[in-house]
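Student: quick one, what's the 3D model for this:
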Amino acid sequence: MKKLLISTVLLLGLSFTYGQKRPPAPPHPSKTELTKSKSRELQKRYNSEKKMIMNHPVATKKMKQQQLKALNMRYQNERKLLNSTR
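Tutor: Residues are numbered from 1 along each chain as shown. Take a look at the predicted model:
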């Protein structure tokens, strides 16, 4: 009798936990919101990398200029890609 009681309580408990509905999925962001968030993310990454280059203790001025030039080229290419998807 105890085993029957335990098994029914267990079965009912499992059915209640799996019977719950999931919350509705959040709405998908629009294309403009997505591009804005991506551009903000890109700008933030660019600024942090630029700050790291400029504050590097060992790099010479010429090395910093070369790294900044490469960073600017990469940033421009990524911006073009982002703008072309609009």
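
Student: show me the helices in this protein, by range?
Tutor: 2-18, 31-54, 61-84 (DSSP state H).

Student: pick out the shakiest of the ones you listed, pLDDT-wise.
Tutor: Mean pLDDT is lowest for helix 2-18 among the helices of the chain, at a mean of 66.

Student: what pLDDT does the residue of the chain positioned farthest from its centre get?
Tutor: When distances to the mean C-alpha position of the chain are computed (CA atoms, centre = their mean), the maximum falls on residue 1, with 54.5 Å. Among the per-residue scores, residue 1 holds a pLDDT of 71.

Student: show me what contacts it?
Tutor: By CB atoms under 8 Å, 6 or more residues apart in numbering, no residues touch residue 1. Where you see a C-beta, it was placed from the backbone N, CA and C, and this is true even at glycine.

Student: and if you look at residue 53?
Tutor: Residue 53 neighbours (CB under 8 Å, 6+ apart): 59, 64, 67-68, 71.

Student: which of these lies closest to residue 47?
Tutor: Of all the contacts of residue 53, residue 47 sits closest to residue 71, with 10.5 Å by CB to CB.

Student: correct me, but the closest one touches residue 52?
Tutor: No: Residue 71 is beyond contact range of residue 52, at 9.9 Å (criterion: CB atoms under 8 Å).

Student: the more surrounded of these two?
Tutor: Taking other CB atoms under 10 Å, residue 71 and residue 52 do not tie; residue 71 has more neighbours (15 against 11).

Student: distance of that one relative to residue 24?
Tutor: With distances taken as CB to CB, to the nearest Å, residue 71 is found 42 Å from residue 24.

Student: cool, and residue 66?
Tutor: 51 Å.

Student: the two: which is more packed in?
Tutor: Between residue 66 and residue 24, counted using other CB under 10 Å, residue 66 has the larger neighbour count: 13 against 6.

Student: sweet, I'm off.
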